[in-house]
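Novice: what shape does this take:
(2 chains)
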There are 2 protein chains.
Amino acid sequence: MKIAVDVMGTDYGPQELVLGAVQAVRAYDCEVVLVGDSEIIKKLLEEYNAADERKITVHHSSEVINMDEHPGIAVKTKKDASIVVATKLLRDKECDALVSSGSTGAAVAAALFGLGRIRGIERPAIATPIPSLTGTTVVLDSGAKVDAKPEHMVQSAIMGSVYAELMLKIKNPRVGLLNIGEEETKGNEQALATYPLLKAEEHINFVGNVEGRDINKGTVDVVVCDGFVGNVVLKFAEGLASAIMKLMKEAILNGGFLAKLGGLLIKPAMKGLAKRLDPAEYGGALLLGVKAPFIICHGSSKAKAIKNAIGVAIDFAERDVVEHIAGNIVKSRKGNEEI
Amino acid sequence: MKIAVDVMGTDYGPQELVLGAVQAVRAYDCEVVLVGDSEIIKKLLEEYNAADERKITVHHSSEVINMDEHPGIAVKTKKDASIVVATKLLRDKECDALVSSGSTGAAVAAALFGLGRIRGIERPAIATPIPSLTGTTVVLDSGAKVDAKPEHMVQSAIMGSVYAELMLKIKNPRVGLLNIGEEETKGNEQALATYPLLKAEEHINFVGNVEGRDINKGTVDVVVCDGFVGNVVLKFAEGLASAIMKLMKEAILNGGFLAKLGGLLIKPAMKGLAKRLDPAEYGGALLLGVKAPFIICHGSSKAKAIKNAIGVAIDFAERDVVEHIAGNIVKSRKGNEEI
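Specialist: Prediction:
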């Protein structure tokens, strides 16, 4: 298993990406190809005592796509950008999966242009796993396509079901449509038009509408929503979780000696919880619907997140998620034609 | 100041609403009119030793609108429903503000039919205050209108600014548009069309796009969004906050003796924090854009939330929020005509 890593993204620079890759080859049975400025990468590999690591190869690329560039234009004009070059390696089967962490827009554009869509999928979707009270819920789309059409939402539901089955090992995963009420008659135009399509779709286990509060409850395994809503909700989750933790720390520090002592005593228990809630543990989101395993990491990913993302990329490739999506979309289309 | 309370809503029945109202007349300088089944209300007043309370009057209504009814139809056909009768009292100036807590859809419909919109406001919006790291952020619309047009979003921005100025005492409140990126070119069709309108609006302090994570950061004072997005986000916030608290308790309980001791020691500090994060402390959301002060409480409101909502209703009426919205909409329209 060989994973390409675009090391020129993230807010923390190549050092975190290269370090994460080094940690990954030591932890997993895999090879990595580091794509980016080879001079920088080689220096970092020396720094991390990994210059002679056989499992790591360096693939030079001279350009970088910045966060403020128009994704579509940048991907087309910067032919030697690290994300474009890494995607080409994936397309040419020189590697089995890709881990990216720069601009999400540029990553989606590079995947669309470089790999193409799975037949039957009109729009790819970003699937993000988030912790729930009972395990993990996958939310998609978390930002690949805003103003999604009802058919795109159905395709997301099919892809999310494959994800939950193969990556989370959930049999017959429950799928919910994110909405403002449980009743079939509730929602915006998009949700109202999507509901009957999901209900008619035989190849998923659609259980109806779910509300915002169900995401963390674990009411369903797959939450389907528009890319705009998914993106807003997931960024809000980050902000809220960190705000609660910050306010808690403040409350304990301002609570006097006993509260401070209590804070120390609960620290080990809180560490386990923090690990469970830490997005870095989940190692990035999956871009589903394109023709090869493509992972998108958060722009603020550090080495641990990158290492975990490489682990997810290995699973993504080994479990044939792409092939299963292609197969299930065909089944769904046949079913619809028969109706 | 006289506040009408529809006591037939909420998941916990009239007992919580009547109790909240009794607590309110004892805490604030106000009168309340309890609207609903007079027999039930009178029994409850006796139970709470408030049968002779001069500041409380009972107004009988024989019908109730249930959560599963179509709001528009129910409001038109059930002429003696508690929310319809209470709204009529408000319209006829027999009271100064109204507190409701049944079906949000029915409340909005009753307000629209019974009170009418402020001239220049095409759609009312629900404004919900939520705690941030620096104070309070008001999010609107949190569910009155899905598929809002860009002009509705601008009207929300104007109403939200008045709310922040008068209710939160923030001078020249910063307004942000909830979006998936900071750049003007990002977003769905609705956001892209709304941005230039907000930018051109002279009577608000529009600072640009904000993302989900900004809501709790306190980056802006007013967050403008579509009713679908606002509703999903706020329900998600509830779910996430309670999930974090639940997981924390579990982690402490499973963390052994020292963790449990620590949990006891931080309890007083946590109580203060819980109070700050408790939606009940904020006492309901304001329905802005209709011709009189109308408060919508959460369906799961208990007595404390109702009492606080009555407090908010008093401020809502005393600070002339409705009149200021009417004035600012006129100013904004004049400005636009001059352009």
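Novice: for residue A:219, see how far away the spatially most central residue of chain A is.
Specialist: Chain A has residue A:285 as the residue nearest its centroid, 0.6 Å off, counting by C-alpha atoms, centre = their mean. Relative to residue A:219, residue A:285 is positioned 21 Å away (criterion: C-beta to C-beta, to the nearest Å). For the C-beta atoms, the positions are set from N, CA and C on the backbone; glycine is no exception.
Novice: what's the burial count for the residue nearest to the residue nearest to the centre of chain A when sequence neighbours are not counted?
Specialist: Using C-beta to C-beta, 6 or more residues apart in numbering or on different chains and skipping the chain neighbours, the partner closest in space to residue A:285 is residue A:128 (4.2 Å). Residues lying near residue A:128 (other C-beta atoms under 10 Å in any protein chain shown) number 25.
Novice: show me what contacts residue A:128?
Specialist: A:138-140, A:142, A:230, A:234, A:282, A:285 (C-beta atoms under 8 Å, 6 or more residues apart in numbering or on different chains).
Novice: quick check, residue A:133 in contact with residue A:215.
Specialist: No. At 10.4 Å, residue A:133 does not count as touching residue A:215 under the criterion of C-beta atoms under 8 Å.
Novice: which of the two has more residues huddled nearby?
Specialist: The neighbour count for residue A:133 versus residue A:215, taken as other C-beta under 10 Å, is higher for residue A:215 (27 against 15).
Novice: quick one: the strands in chain A?
Specialist: Remark: strands assigned in chain A by DSSP state E are A:2-6, A:31-36, A:56-60, A:97-100, A:125-131, A:136-140, A:174-178, A:205-210, A:222-224, A:285-288, A:294-296.
Novice: show me the contacts for residue A:224.
Specialist: Residues in contact with residue A:224 (C-beta under 8 Å, 6+ apart) are A:140-141, A:153, A:156-157, A:160, A:175-178, A:194, A:198.
Novice: ok, residue A:112 to residue A:36 distance?
Specialist: For residue A:112, the distance to residue A:36 equals 21 Å [C-beta to C-beta].
Novice: who has more neighbours out of those two?
Specialist: Between residue A:112 and residue A:36, counting by other C-beta under 10 Å, residue A:36 is the more crowded of the two (28 against 21).
Novice: point out where chain A drops to low pLDDT.
Specialist: Scanning chain A for pLDDT under 70 picks out A:334-339.
Novice: show me it divided up by domain.
Specialist: Domain assignment for chain A by automatic domain parsing gives A:1-121+A:289-321, A:123-280.
Novice: wait, which of those domains is closest to residue B:295?
Specialist: domain A:123-280 (19.6 Å; C-beta to C-beta).
Novice: right, and residue A:322 touches residue A:294 too?
Specialist: No. Applying C-beta under 8 Å, one finds residue A:322 not in contact with residue A:294, separated by 9.1 Å.
Novice: give me the more crowded residue out of the two.
Specialist: Neighbours were counted for residue A:322 and for residue A:294 using other C-beta under 10 Å; residue A:294 has more, 31 against 23.
Novice: state the distance from the more buried one to residue A:126.
Specialist: 10 Å.
Novice: list residues touching both of those two?
Specialist: Common neighbours of residue A:294 and residue A:126 are listed as A:286-287 (criterion: C-beta under 8 Å, 6+ apart).
Novice: residue A:276 reaches residue B:244, doesn't it?
Specialist: No. Taking C-beta under 8 Å as the definition, residue A:276 is not a contact partner of residue B:244, at 10.6 Å.
Novice: those two - which one has more neighbours?
Specialist: residue B:244 (19 against 11).
Novice: which non-adjacent residue is nearest the more buried one?
Specialist: Residue B:244 sits nearest to residue A:244 (C-beta to C-beta, 6+ apart), 5.6 Å away.
Novice: in stretch A:22-37, which of the residues would be classed as buried?
Specialist: If you call a residue buried by 16 or more other C-beta atoms under 10 Å in any protein chain shown, then stretch A:22-37 has these buried ones: A:22-25, A:28, A:30-37.
Novice: send the alpha carbons of that stretch over as CSV?
Specialist: Provided in CSV are the C-alpha atoms of stretch A:22-37 (Å, rounded to 0.1, in the frame of the first residue of the first chain):
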residue,chain,number,x,y,z
VAL,A,22,7.3,9.5,9.0
GLN,A,23,5.2,8.5,11.9
ALA,A,24,2.8,6.7,9.6
VAL,A,25,5.4,4.5,7.9
ARG,A,26,6.7,3.5,11.3
ALA,A,27,3.2,2.7,12.6
TYR,A,28,1.6,1.1,9.6
ASP,A,29,2.7,-1.3,6.9
CYS,A,30,2.8,1.2,4.1
GLU,A,31,4.9,3.4,1.8
VAL,A,32,4.4,7.1,1.3
VAL,A,33,5.3,9.5,-1.5
LEU,A,34,5.8,13.0,-0.3
VAL,A,35,4.8,15.5,-3.0
GLY,A,36,6.1,19.1,-2.8
ASP,A,37,9.3,21.1,-2.7
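Novice: can you list contacts of it?
Specialist: Stretch A:22-37 is touched from outside by A:1-8, A:14, A:17-18, A:21, A:41, A:45, A:48, A:50, A:53, A:55-62, A:64, A:82, A:85-86, A:89, A:94-95, A:303-304, A:306-307, A:310-311, A:314, with contacts defined as C-beta under 8 Å, 6+ apart.
Novice: one more pass at 7 Å, please.
Specialist: Residues lying outside stretch A:22-37 but in contact with it, judged by C-beta atoms under 7 Å, 6 or more residues apart in numbering or on different chains, are A:1-8, A:14, A:18, A:21, A:41, A:48, A:50, A:53, A:55-59, A:61, A:82, A:85-86, A:89, A:95, A:303, A:307, A:310-311, A:314.
Novice: now do it: distance to the chain's middle.
Specialist: 19 Å (C-alpha atoms, centre = their mean, to the nearest Å).
Novice: swap in stretch A:150-159?
Specialist: With C-alpha atoms, centre = their mean, you get 17 Å for stretch A:150-159.
Novice: also stretch A:13-30?
Specialist: Remark: stretch A:13-30 is offset 18 Å from the chain centroid, using C-alpha atoms, centre = their mean.
Novice: how close does the residue of chain A positioned farthest from its centre sit to residue A:248?
Specialist: Computed with C-alpha atoms, centre = their mean, the residue of chain A farthest from its C-alpha average is residue A:257, at 42.3 Å. Separation of residue A:257 from residue A:248 (C-beta to C-beta): 17 Å.
Novice: dump stretch A:208-227 to PDB, restricted to CA.
Specialist: Extracted in PDB, the C-alpha atoms of stretch A:208-227 (Å, rounded to 0.1, in the frame of the first residue of the first chain):
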ATOM      1  CA  GLY A 208     -36.600   9.700   7.900                       C
ATOM      2  CA  ASN A 209     -35.700  13.200   8.900                       C
ATOM      3  CA  VAL A 210     -33.300  13.900  11.800                       C
ATOM      4  CA  GLU A 211     -32.700  17.200  13.500                       C
ATOM      5  CA  GLY A 212     -29.500  19.000  14.500                       C
ATOM      6  CA  ARG A 213     -29.600  17.400  18.000                       C
ATOM      7  CA  ASP A 214     -29.600  13.900  16.500                       C
ATOM      8  CA  ILE A 215     -26.100  14.200  15.100                       C
ATOM      9  CA  ASN A 216     -24.400  13.700  18.400                       C
ATOM     10  CA  LYS A 217     -27.000  11.500  19.800                       C
ATOM     11  CA  GLY A 218     -26.300   8.700  17.400                       C
ATOM     12  CA  THR A 219     -29.900   8.400  16.300                       C
ATOM     13  CA  VAL A 220     -28.600   7.400  12.800                       C
ATOM     14  CA  ASP A 221     -25.300   6.300  11.300                       C
ATOM     15  CA  VAL A 222     -25.400   8.500   8.200                       C
ATOM     16  CA  VAL A 223     -26.600  12.200   8.200                       C
ATOM     17  CA  VAL A 224     -27.300  13.500   4.700                       C
ATOM     18  CA  CYS A 225     -27.200  17.300   4.100                       C
ATOM     19  CA  ASP A 226     -26.300  20.000   1.700                       C
ATOM     20  CA  GLY A 227     -22.600  21.000   1.500                       C
END
